[in-house]
Structure formats: structure tokens, C-alpha cells
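Novice: predicted structure and sequence below. I'll ask about it afterward.
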Amino acid sequence: MSVVLSMLFFPYGMNFYLMIRKAQDYTLPTRKACEKYHVTVQLPVFNERYVVERLLDACAKMADQYGRDLVQILLLDDSTDETTEIASDAVNRYQDLGYDVDLIHRDNREGFKAGALQNANKDTKYPFVAIFDADFAPPPDFLDRTMPYFSDPKLSLVQCRWTHLNRNYNMVTRAVSIGYDGHHLVEQTGRTAAGYLLNFNGSAGVLRKEALEDAGGWQADTLAEDLDASYRMQLKGWKALYVRDIECPAEIPPTIPSLKRQQSRWARGSIRTFRKLSSRVFLDKKLSLGQKAEAFVHLSYYSVHPLMFAAYVIALLAAFLGVRLVNLAQFLAVITIDSTGVKPDMPGYLWFMSYLQPMLEGAWNAFISMPHWIILNATIVFCSVSMWVFYGYALKLQGVAVKSQIKTLGALALIGFGMSLSNTIAVAQGFLSRTAGTFSRTPKYKIEKREDSWKDKKYQINVSRTVALEIFFGVLGIVAMIKSGLDANFGIIPILFIYTIAYLYISRVTFRDASRSRIS
């Protein structure tokens, strides 16, 4: 089982290095001077009372710069609270100022975000659609910089880079921002440079309506309608483009409960997209073997979390069953040089050489007595190192010294390992569930400055039952480490320690964030 797990881990670790290599070939796509295209801006929102006005204000400024007569703005509102009234007042205010803006309110959430976008097609005037989620604040020159790329008649999609309104708000936002940067600065640029299939991130992008309709429109059978639609368009022969230098700031979830909800939705949705499209990708004769392999890793990426959790379970079993994953006692015994006797009358380096052969033979015997465990540990180390190199490269691209971010990278590791359990559950639901599930929105609190607070605002997330499992496996890890120490099974302790600390950290922070909220 450990060998199989190692083989499954390896492609995901190797993919980090591949993306770093391909990202180095990325060059900024050239834009051709052309006439300005008409564009519809769609803003899907659901219960976003704190940020909906900010979003509409930013889009109005964007329309002013691009050309008010060239832009239609549609606020797609599925809200069930006072957001609808706030949005309606804002839309009326901009209508009075002469903007082409309308509110489309649905009394149900059928199809969730995909349903709202598909429903808006009948009211969409123009051949291009720019989409921004509620937590975004697009810059005024966004359309000026993106629309010229559509002079290519086969281009279906332009995706731009997400940046962060609240990167330095707390440790969670600092850590998660590095994770997002890795995706946008390395993965997306690497895929573009290599000609791999690219994903729309659901916001801060522009789509060609013709391409979307050709691919079947927005579909609600996954919770990742963005990933799903972008792959279907490319499988139809349309092209996609990522532009790293066009930045669009957004909020990062400031709490672990909100981050868990976001990641669980992404995990379940991407796995359902993998179920839906993987056979089409593999059977597509127009795609190269490299494109198909990368698409497999891309669509199934969240499967790494069940693999991480499985590695922890194997470590627990090894600890309680007394299985030595790494026989340190045997290894140390063969590399210890006996210093009690008289040294041979020869130079020091020759004296050492007389011990080298038995040392190597003993080390080899230690390895062949437990090769599967050593391979598993080596693969986990390989994947972990690849992840740090990946995020270190993302920091380097921004001119940030890795040394200055050691603490933040440590927090990112704890969050990643700690959320492996909740994401494992989401991946299982994605693989096994017959339905897409519920689109549980990530709450936004309009957190922009350090002094802003989410604690006295609506949309708080209660502690889920998953926390009980995280505490259980954290405590189980402590017991396993104690038993391993008593059994002198020291080789298993490092992997137990990492997961134990991570699960207890995530559960503690979840309770802390829930207890700090002043509104339930």
C-alpha cells in the first residue's frame, strides 16, 4: 500500500517542478491595436451586503475609463437578505447617472452561480462577458487592457491575476495569499507558456459569449462551473490566455472556517469536473500526451489531500502495530565506528576507508529490510520540498525574500496539512455523490485594513462536525507518538508530529475564530 501511495503522490510533487520550469518561459502576450469591443459585465452576488456597493462602484469607474456607452453592467442577485435592497439602491443611483446597469434578482438559487450566469444570458447585450465575484474590486483600466486580446477570433477567454486587498490583515491572509500567488504566478503562467489547458478562475476574466454557447453554456452539475466551462471551451477548439501583468485585487477569507468552506467547495467541484471531463480529455485526438497528463493532474489536484490523509493513517497504524517505517536503530548501528580499539597504523583517511565498505553494506541491508517505507518517506519529503520550492519561486517573482516569509510559509504548511481532513471529505463527496451539492458561499466582510473587523458582522460560520474529527486525529497522533517513543520506533515520529500539530492547530484556530464572533 505504501508503494502505491508513493506512486500516486509522485505526479503531484513533480508537477510543482514542471510548472516552475514552464513558468520561466512565460512572456507577456502581445496586444494588437483594435477597435473597442462592447462588453457586458456580470456580477453574481448572494448575500453580500458589505461588499456589493464596492463592487458596483469599481465597475462604474471601469466603465467610465473604457467608455460608458460600450459597457453594460448586470448585477445578478440571488440574495435573501438586505443585500437586495442595498444593490437596488446602488443600481438606481447609477441608472440616474446614465450608466447602462440593471439588477436581475432571482427568488431561488437554482443552479447557484452557474444558474445565475446562465439565466443572465437572455439579458446580455454584447458578445463579450467580464465576470467579477463580490469580493473583487477591478481596476479602472481592466477592460482597456484585456479587450484588445480578443482581436484573435479564436480566443475564448482571458484570465487575469488575482491580487489581495487584505494580504497583511492576519496570519491566515498572509499565508493564503502565498498559496494564491503560487497558482497565479507559477501554475497559470506555466500552463499558458506550455500550451496546456487553462482554467477560468471564476472572476477577473473575460469570456467570448459565442465560445461559451458553443461549449454548452454554464452548467450546474459541478460546483466548479468556471473550471468546467473553460475546459469545455478548449475541448471545442477555442483558445484561452492568462495575462499575469493585469492585476485584479480581491479579499482573502480572514478566518479558518471561511477558508475551509471555500476550499471544500473548490475540492468537491474540481473533482466532479474531473469525473465529468477526464474521459473527454483522454479521448481528444487533438491534445498531446503532455496536455492530457497535465490536465489529469490539474483536474484531480485536490486528490492530493486524501493521499496526505492516507499517509497519516498509515503512520498511525505503523505506530500502534509496532511497524518500523525507518529502522533508525539498525541504521545507526551500522554507521557507528568502533573507537574503543587501537587504530591501525595508517593515515586517517585510509583508516576511515577500512570502515566504509561495512558501513555501506549495513546501510544497504537496512534499506532492503524496509524499502517500501523508505520510498514512502522519500516521496513525502520530495513532494514537501517541491511545494516549498514552488512557493519560494512565487515569492521570488514578486521580489520578496524567502527568509522574510519563513513564519508565514510555516503557517501555510500547517493550514495545508491541517485542512487535509476536511478536504478529504470534500473530495470523497465529489467522487461519490450523485449530485453537485450545495454552493456554500465564502462570506465576505469588506476587510481591507488591519483595523477592519469581521467579528461583529453577519455571515459567521458555526463550528462544523469536522472539527471533532480533527481533534480526534490530533489526540490520536499524540498517543501514537508516545507509544512510538516507548517502542523506540523513532523513525515514525516526524510524520506523526507534523500532522498532529497541524490538526490541533486547525481545530484550535477554528474554535478561536468562532468564539471571537459577536454575531452567530
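Specialist: Received the coordinates, thanks.
Novice: can you show me the helices along the stretch 251-400 of the chain?
Specialist: 256-283, 289-299, 304-321, 328-335, 348-368, 371-397 (DSSP state H, counting those that start in this stretch).
Novice: the third one - contacts with which helices or strands?
Specialist: On a contact count with 3 or more C-beta pairs under 8 Å, 6 or more residues apart in numbering; DSSP states H and E, helix 304-321 meets helix 2-23, helix 371-397, helix 420-432, helix 466-486, helix 493-516. All C-beta spots, glycine's among them, are computed from the backbone N, C-alpha and C.
Novice: equivalent analysis for the second one, please.
Specialist: Here helix 289-299 is seen to pack against helix 2-23, helix 188-194, helix 225-235, helix 256-283 when contacts are counted using 3+ C-beta pairs under 8 Å, 6+ apart.
Novice: and the first one, by the same measure?
Specialist: Helices and strands touching helix 256-283, by 3+ C-beta pairs under 8 Å, 6+ apart, are helix 171-181, helix 225-235, helix 289-299, helix 420-432, helix 493-516.
Novice: longest strand anywhere in this protein?
Specialist: Counting by DSSP state E, the longest strand found in the chain is strand 239-250.
Novice: give me the domain ranges for this structure.
Specialist: The chain is divided into the following domains under automatic domain parsing: 34-254, 327-369.
Novice: can you tell me which of those has the worst average pLDDT?
Specialist: Out of those, domain 327-369 stands lowest, with a mean of 52 (criterion: mean pLDDT).
Novice: hang on, residue 306 packs against residue 424?
Specialist: Yes - counting by C-beta atoms under 8 Å, residue 306 touches residue 424, with 4.6 Å between them.
Novice: please enumerate the helices of the stretch 51-200 of the chain.
Specialist: Per DSSP H, counting those that start in this stretch, the stretch 51-200 of the chain carries helices over the ranges 52-66, 83-96, 112-120, 142-146, 171-181, 188-194.
Novice: what's the second one in contact with?
Specialist: So the one you mean is helix 83-96. For helix 83-96, contacts defined as C-beta atoms under 8 Å, 6 or more residues apart in numbering pick out 45-49, 52-53, 56-57, 60, 73, 75, 77, 79, 101-103, 105.
Novice: list the buried ones in it?
Specialist: Using 16 or more other C-beta atoms under 10 Å as the test for burial, helix 83-96 gives 83-84, 86-87, 90-91, 94.
Novice: the first one now?
Specialist: The neighbour-count criterion (16+ other C-beta under 10 Å) identifies 52-56, 58-63, 66 as the buried residues of helix 52-66.
Novice: give me phi/psi at the nearest residue to residue 69 once chain neighbours are set aside?
Specialist: Counting by C-beta to C-beta, 6 or more residues apart in numbering, the nearest residue to residue 69 once its immediate chain neighbours are dropped is residue 100, at 7.8 Å. Main-chain dihedrals, residue 100, degrees, to the nearest 10: phi -90, psi 90.
Novice: low-confidence ranges in the stretch 351-500 of the chain?
Specialist: The stretch 351-500 of the chain contains residues with pLDDT under 70 at 351-381.
Novice: if we go to 90?
Specialist: Judged by pLDDT under 90, the stretch 351-500 of the chain has its weakly predicted residues at 351-388, 434, 438, 440, 456, 461-465, 488-492, 494-495.
Novice: which ones are touching the residue nearest to residue 69?
Specialist: Residue 100 touches 68-69, 71-73, counting by C-beta under 8 Å, 6+ apart.
Novice: and the gap between the closest residue to residue 226 other than its chain neighbours and residue 240?
Specialist: Nearest non-adjacent residue to residue 226, counting by C-beta to C-beta, 6+ apart: residue 202, 3.5 Å away. Residue 202 sits 14 Å away from residue 240 when distances are taken as C-beta to C-beta, to the nearest Å.
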